[in-house]
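[1] turn this into a model:
(one chain, ligands or ions: 1)
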Amino acid sequence: MSIIINDFEKMNITKIKKAKNNKKLTVITAYDALFAKLFEEMADMILVGDSLNMSFAGKPDTLSATLDQMIYHTNAVCTGAPKAFVILDMPFGTYINKDDALSNAVKVYQQTNAAAIKVEGGADRADIIEHLTSNSVAVMGHIGLMPQYVRSEGGYKVRGKTQEDAEQLIKDAIAVEKAGAFAIVVEGVKSNVAKQITDAVSIPIIGIGAGNVTDGQVLVWSDMLGFFESFKPKFVRHYLDGAELVKNAVNQYRNDVQDTSFPSKDEEY
Ligand code: KIV
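    Reported below is the predicted structural model:
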């Protein structure tokens, strides 16, 4: 049994920025109060990712997630983990132009306690990020493999395989930093390129499928705890065999119901 070292410190964007070159940041997703409470003092940030549309709602990709859905789950997470730095992932179509982005971000701040929002996009979306940050919205960027582009790109493609793409990704990171983001998720990028991106900016780079060279890591909770069985990306490490444990436990419950050993005398009124 490992010992839990609790050095939890409530985060804000100043502390997150200062962590660069000082401390590796641990980020995990959560979608509900129950798990958010378990993660609260373990993670530096909790991301209410639109990945919930796949792992929680069973959809094939993230694109059909709605802002109301994200707000509902963020409220649950903020209730379960009131001390956590919670980030709401803006779903597809909610930040296609500056005005929509700002009015939807204001809605998030009015209806949840999220500390920040996350948007996908690099230099192409820098003007939108700049509009948000200059209007006091805390923004986390997301570049590299961007799941919201899956239909327009024709699949999930690892980025940074060519010199040209590597240069584009570095430009994206610099543009997003310049637009005022406090951190950037870099997903599905060759690790040598992730290293160049990390070195090119002064805000923390949070990697997922980008090697151990970034300023921190993010994983989707249902992937890392082994609950999501549809597929396992190469970069995911299972820290628990959640699906197997749950299935065994429920099977045991079923057996106990069938042989009437549940409930026992001690479990009745
Ligand atoms: O939606 C999500 O969970 C994410 C992470 C993969 C970074 O964006």
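[2] contacts only, for residue 85.
    By CB atoms under 8 Å, 6 or more residues apart in numbering, the contact set of residue 85 is 10-12, 16, 44-46, 115-116. C-beta coordinates here come from the backbone N, C-alpha and C atoms, glycine included.
[3] all strands of the stretch 51-200 of the chain, in order?
    For the stretch 51-200 of the chain, applying DSSP state E, counting those that start in this stretch gives strands covering 86-89, 116-120, 139-144, 183-187.
[4] reformat those strands as CSV; add distance to the ligand, mean neighbour count and mean pLDDT.
    Converted to CSV, the strands of the stretch 51-200 of the chain look like this (distance: least, CB to the nearest ligand atom, whole Å; neighbours: other CB atoms under 10 Å; pLDDT from 0 to 100):
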stretch, distance to the ligand, mean neighbour count, mean pLDDT
strand 86-89, 5, 27, 98
strand 116-120, 7, 24, 98
strand 139-144, 6, 29, 98
strand 183-187, 5, 27, 98
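[5] tell me which of those strands sits nearest to residue 65.
    Nearest to residue 65 among the strands of the stretch 51-200 of the chain is strand 86-89 (8.2 Å), distances taken as CB to CB.
[6] outside of the closest one, which residues touch it?
    36, 45-51, 70-71, 74, 77-78, 108, 112-118, 140.
[7] OK, contacts around residue 145?
    With CB under 8 Å, 6+ apart, residue 145 has these contacts: 156-159, 187-189, 209.
[8] rerun that using 10 Å as the cut-off
    120, 153, 155-160, 186-189, 208-210 (CB atoms under 10 Å, 6 or more residues apart in numbering).
[9] where do the helices of the stretch 101-250 of the chain begin and end?
    Ranges of helices within the stretch 101-250 of the chain are 126-133, 150-153, 163-178, 191-200, 221-224, 242-258, based on DSSP state H, counting those that start in this stretch.
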